[in-house]
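1. Following is a predicted model, sequence given first.
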Amino acid sequence: MAKVTIDGIEIEVPDGTTILQAARMIGPEVAPPTMCYYSKLKNSGGYCRSCLVEVTKGSEKDPRPMPKLVASCRTAVMDGMVVGNTTSKKVIEARASVVEFLLLNHPLDCPVCDQAGECHLQDLSYEHGNYKTRTEFERRTFEKLDIGQNIQLHMTRCILCYRCVKVAEQITDGRVHGVMNRGDLSEISTYVTEAIDNDFSGNMIDVCPVGALTDKTFRFKSRVWFTKPVDAHRDCDKCSGKVVLWYKGDDVLRVTGRKDQWGEVEEFICNTCRFDKKQTSDWTIEGVREINRHSVISANKYTKLVKPKEFTLNDIKAITE
Ligand code: SF4
Ligand code: SF4
Ligand code: FES
């Protein structure tokens with residue numbers, strides 16, 4: 001076991017725990033933001049630098065501070081380590097610069113972007129960024145690309161976090177896309193027109209922290225804060241069948257995995273549950289979904305659930321006769 005102090009709070013954690021995991025064990029008030037790390041995906045993290053922290057004491061044995069800020073998702077704790085996150089001025093400044101870099105090539109698309117309201121980049125820039133940009137040159141742009149039948153890639157908004165690549169690598173049965181080229185020419189691409197149509201590809205949408213990978217069955221149907229998230233499940237032979245249904249009125253506009261307090265899906269769901277089951281009668285409704293993030297979705301949120309009515313053919317005939 002190793003004792004580590006983060007923002008003045010001490011915790012004992014198993015050897016090999018990363019600083020980020022230790023901070024999450026303490027709680028959200030000291031946990032650094034993450035744009036590429038995803039606890040359910042192996043080898044994620046190390047790309048975005050938004051989780052940087054300052055190590056002011058390396059360990060009990062070697063108390064020297066680490067010379068540079070380190071990525072907390074990739075750095076293991078040592079016994080006696082002292083870490084500054086929100087209490088470190090250097091970290092606050094560096095994080096603002098990281099946001100600036102992430103936004104260097106990012107469009108001002110929020111008013112028309114399906115991710116708005118549940119976008120980690122919006123939250124990151126609001127909470128850690130500068131309110132003004134110093135770069136007014138043209139952002140790089142890409143054509144929108146269909147990745148299979150149900151997913152659209154808008155590379156212009158991608159921050160190259162590699163999460164979708166890890167999903168494809170680890171939970172689908174054959175990766176056909178990845179990051180091509182290097183530097184400012186990097187882009188997510190499929191091998192020419194190869195479509196991603198395996199059973200779990202839709203999870204790329206859930207892990208994408210921005211609006212680069214979107215659900216074509218949901219695009220432009222509603223701003224997310226006008227929808228009502230509801231927990232539901234069904235017997236599924238491919239996945240756990242535990243999902244969130246996003247209602248508008250009586251219509252299920254989209255189906256997603258359930259996300260925890262870190263914005264990560266609890267269990268990956270299959271494409272049948274996600275794209276093909278959009279009727280209330282397909283599901284057993286459990287109740288109102290708690291949205292843990294301090295997002296606009298939680299603002300003025302309803303607390304009671306009125307089970308949406310399923311119209312039968314007879315009801316429709318009665319209305320139209
Ligand atoms: S990805 Fe997020 S920050 Fe970017 S345009 Fe969409 S909502 Fe705005
Ligand atoms: S498309 Fe989304 S998930 Fe994939 S690398 Fe870009 S930002 Fe990350
Ligand atoms: S979350 Fe650690 S580098 Fe991205």
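-> Great, that's in hand. Ligands and ions are numbered 1, 2, ... in the order given.

2. CA atoms for contacts and neighbours, from now on please.
-> Noted.

3. any idea whether the residue nearest the centre of the chain is helix, strand or coil?
-> In the chain, the C-alpha closest to the average C-alpha coordinate belongs to residue 209, at a distance of 3.8 Å (Cα atoms, centre = their mean). Reduced to three states with DSSP: H, G, I helix; E, B strand; the rest coil, the structure at residue 209 is coil.

4. OK, contacts around the nearest residue to it once chain neighbours are set aside?
-> Nearest non-adjacent residue to residue 209, counting by Cα to Cα, 6 or more residues apart in numbering: residue 120, 5.4 Å away. Contact partners of residue 120, counting by Cα atoms under 8 Å, 6 or more residues apart in numbering, are 35, 209, 210.

5. Including pLDDT and distance to residue 266, could these go into CSV?
-> Formatted as CSV, the entries for the contacts of residue 120 read as follows, by pLDDT from 0 to 100; distance: Cα to Cα, whole Å:
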residue, pLDDT, distance to residue 266
35, 97, 17
209, 96, 15
210, 96, 19
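
6. If you tally nearby residues, what's the number for residue 126?
-> Look at residue 126: counted by other Cα atoms under 10 Å, it has 12 neighbours.

7. Now it: which helix or strand?
-> For residue 126, the host element (DSSP states H and E) is helix 120-128.

8. Is there proximity between that helix and ligand 2?
-> No. For a cut-off given as Cα under 6 Å from any ligand atom, helix 120-128 has no contacts with ligand 2; the smallest distance is 9.6 Å.

9. re earlier: and the residue nearest to residue 209, how far is that from ligand 1?
-> In this structure, residue 120 and ligand 1 are 7 Å apart, going by Cα to the nearest ligand atom, to the nearest Å.

10. Now do that residue against residue 83, distance only.
-> Counting by Cα to Cα, to the nearest Å, the gap between residue 120 and residue 83 amounts to 24 Å.

11. cool, and residue 214?
-> Using Cα to Cα, which is the criterion applied here, residue 214 is 37 Å from residue 83.

12. Next: residue 21.
-> Going from residue 21 to residue 83 by Cα to Cα gives 13 Å.

13. more neighbours, those two?
-> A count of neighbours by other Cα under 10 Å puts residue 83 above the other of residue 21 and residue 83, at 26 against 21.

14. counting contacts, what elements does the helix or strand containing that one pack onto?
-> Using DSSP H and E, residue 83 falls within strand 81-84. Taking 3 or more Cα pairs under 8 Å, 6 or more residues apart in numbering; DSSP states H and E as contact, the helices and strands that strand 81-84 lies on are strand 2-6, strand 52-57.

15. If we look just around ligand 3, which residues of the protein are in range?
-> Taking Cα under 6 Å from any ligand atom as the measure of proximity, the chain contacts ligand 3 at 34-37, 45-51, 71-73.

16. OK, contacts around the residue nearest to residue 146 when sequence neighbours are not counted?
-> Leaving aside its sequence neighbours, residue 146 sits nearest to residue 152 (Cα to Cα, 6+ apart; 4.6 Å). The neighbours of residue 152, taking Cα under 8 Å, 6+ apart as the test, are 144, 145, 146, 212, 213, 214, 215, 216.

17. that older thread, list the buried residues for the helix holding residue 126?
-> By neighbour count on 16 or more other Cα atoms under 10 Å, the buried set for helix 120-128 is 120, 121, 122, 123, 124, 125, 128.

18. Same check on stretch 225-238?
-> 225, 227, 228, 229, 230, 231, 232, 233, 234.

19. With stretch 103-123 instead?
-> 103-106, 113-123.

20. helix/strand/coil for residue 166?
-> Assigned by three-state DSSP, the conformation of residue 166 is helix.

21. And it, how far from residue 276?
-> Distance of residue 166 to residue 276, computed by Cα to Cα: 24 Å.

22. Could you check which of those two has the larger neighbour count?
-> The residue with more neighbours, out of residue 166 and residue 276, is residue 166; 21 against 13, by other Cα under 10 Å.

23. returning to what we had before: I'd like the contacts of residue 120 as a markdown table, with distance to ligand 1 appended.
-> Compiled in a markdown table, the contacts of residue 120 are given as follows (distance: Cα to the nearest ligand atom, whole Å):
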| residue | distance to ligand 1 |
| --- | --- |
| 35 | 12 |
| 209 | 7 |
| 210 | 4 |
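
24. Could you list which of the residues you listed also contact ligand 2?
-> Intersecting these with the surroundings of ligand 2, defined as Cα under 6 Å from any ligand atom, gives 209, 210.

25. Return the member of the contacts of residue 120 nearest to ligand 3.
-> When those are ranked by distance to ligand 3 (Cα to the nearest ligand atom), residue 35 comes first, at 5.0 Å.

26. host element of the closest one?
-> When secondary structure is defined using DSSP H and E, no element contains residue 35, which sits outside every helix and strand.

27. Right, I'll leave it there.
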